[in-house]
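> sequence plus the predicted model coming up.
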Amino acid sequence: MRVGMIFDMDGVIYRGNRPINGARETIAFLKGRGIHSIFLTNNSTMIPAMYREKLRSMGIDVPEKAIVTSGLAARLYMEKHMEPGKVFVIGGKGLEEEIDALGWGIISIEEAREGAWRRIQHVVVGLDPGLTYEKLKYATLAIRNGANFIGANPDTTYPAEEGLYPGAGAIIAALKASTDKEPLIIGKPNEPAYEVAREKLGDVDEVWMVGDRLDTDIAFAKRFGMKAIMVLTGVSTLSDVTESEIKPDLILPSIGELRGYLETVGDAEDES
């Protein structure tokens, strides 16, 4: 049976800029076994090339084509399903670069001040460390004027070294409140992210999803028929699992224990 692996990154491979114990060894083990793995993050602040360098700095070498961000998924979805038109971006450099690659034109905050917000046809929202009230204001005006409202991901928080920081979902929630509009969400646990990830995995018989969040990673796995493996190094806890209707198939302390589990499964299959 050919198994494909999808890994979340924040809270699974690393937390902030610190790799999680056993991540490098586990990824190397999978590579040695010929198990195809991709890395699917709801974070849109960086492009895949930047994530590749971040992983390499931690001793984890993966090809750029194996990395999918919610920003990349947003670009591919818009390219395939939406009419070209001016875009207003609330997000980091990675999301801006992905949307700029569409070639549709991005309306800057300076242009919005001069009235160009009226020409905005798409508002794309991700995690924005430089978020201002002014950005929210022009996004609200554009959406109320008929622009498409697209969210890179629904994560209300994300794990960092100090704890949980506000995520893209928190910004999206503010715009939902100010516009009374529901956004199209691209990232996990939604179909646009699955379409991109499944295409990247290619011809496999079964897909395993390894993540740290019940509401995105594990819900994503359950929704699309994947084996759901939750690690306890990120957002969701054992008490969260007890209280949630979303249940993983397997809970591990960290990605470091995944290798032992895979070896156990492999031995059992060999004996059978």
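Perfect, I can see it now.

> going forward, measure contacts and count neighbours with C-alpha atoms only.
Fine.

> contacting residues around residue 22?
254, 255, 256, 257 (C-alpha atoms under 8 Å, 6 or more residues apart in numbering).

> again, only this time at 7 Å
Under the criterion of C-alpha atoms under 7 Å, 6 or more residues apart in numbering, the neighbours of residue 22 are 255, 256.

> and it, what's its pLDDT?
We have a pLDDT of 96 for residue 22.

> do you know how far it is from residue 206?
Note on residue 22: its distance to residue 206, by C-alpha to C-alpha, to the nearest Å, is 24 Å.

> could you do residue 87 as well?
37 Å.

> pick out whichever of the two has more residues nearby.
A direct count of neighbours by other C-alpha atoms under 10 Å for residue 87 and residue 206 places residue 87 higher, at 26 against 13.

> beta partners for that one?
Legend: beta-bridge partners of residue 87 under DSSP bridges are residue 106, residue 122.

> and stretch 36-56, what's buried?
Residues of stretch 36-56 classed as buried by neighbour count (16 or more other C-alpha atoms under 10 Å): 36-48, 51-55.

> and for stretch 7-18?
7, 8, 9, 10, 11, 12, 13, 14, 15.

> go ahead and confirm the second one touches residue 43.
No: counting by C-alpha atoms under 7 Å, residue 43 is not a contact partner of residue 8; they are 9.7 Å apart.

> neighbours of residue 203, how many?
12.

> roughly how far does it sit from residue 64?
In terms of C-alpha to C-alpha, residue 203 sits 19 Å off from residue 64.

> tell me which element residue 158 falls in.
Element membership of residue 158, judged by DSSP states H and E, is strand 157-159.

> buried stuff in the helix or strand following that strand?
Next in sequence after strand 157-159, counting helices and strands by DSSP H and E, comes strand 164-166. Within strand 164-166, no residue qualifies as buried by neighbour count (16+ other C-alpha under 10 Å).

> check which strands are paired with strand 164-166 and give the direction for each one.
In the sheet, strand 164-166 lines up with strand 157-159 (antiparallel) (DSSP bridges).

> average pLDDT across the strand it pairs with?
83.

> who touches that strand?
By C-alpha under 7 Å, 6+ apart, strand 157-159 touches 10, 11, 15, 164, 165, 166, 167, 234, 235.

> ok, residue 219 - how many residues close by?
That count, for residue 219 with other C-alpha under 10 Å as the rule, works out to 21.

> could you do residue 248 as well?
Neighbours around residue 248, by other C-alpha under 10 Å: 21.

> for the nearest residue to it once chain neighbours are set aside, which residues are in contact?
Spatial nearest neighbour of residue 248, chain neighbours left out: residue 228 (5.0 Å); criterion: C-alpha to C-alpha, 6 or more residues apart in numbering. For residue 228, the contacting residues are 208, 209, 210, 218, 221, 222, 248, 249, 250, by C-alpha under 7 Å, 6+ apart.

> tell me how far the fifth one lies from residue 213.
Read it as residue 221. Following C-alpha to C-alpha, the distance that separates residue 221 from residue 213 is 11 Å.

> is residue 234 in a helix, a strand, or coil?
coil (DSSP: H, G, I helix; E, B strand; the rest coil).

> nope, residue 263 is what I was after
With three-state DSSP as the criterion, residue 263 reads helix.

> what's the neighbour count on it?
Residue 263, neighbours per other C-alpha under 10 Å, totals 12.

> mind checking pLDDT for it?
Taking residue 263 on its own, its pLDDT is 87.

> first-to-last residue distance for stretch 240-254?
16 Å.

> so how far is residue 136 from residue 176?
11 Å.
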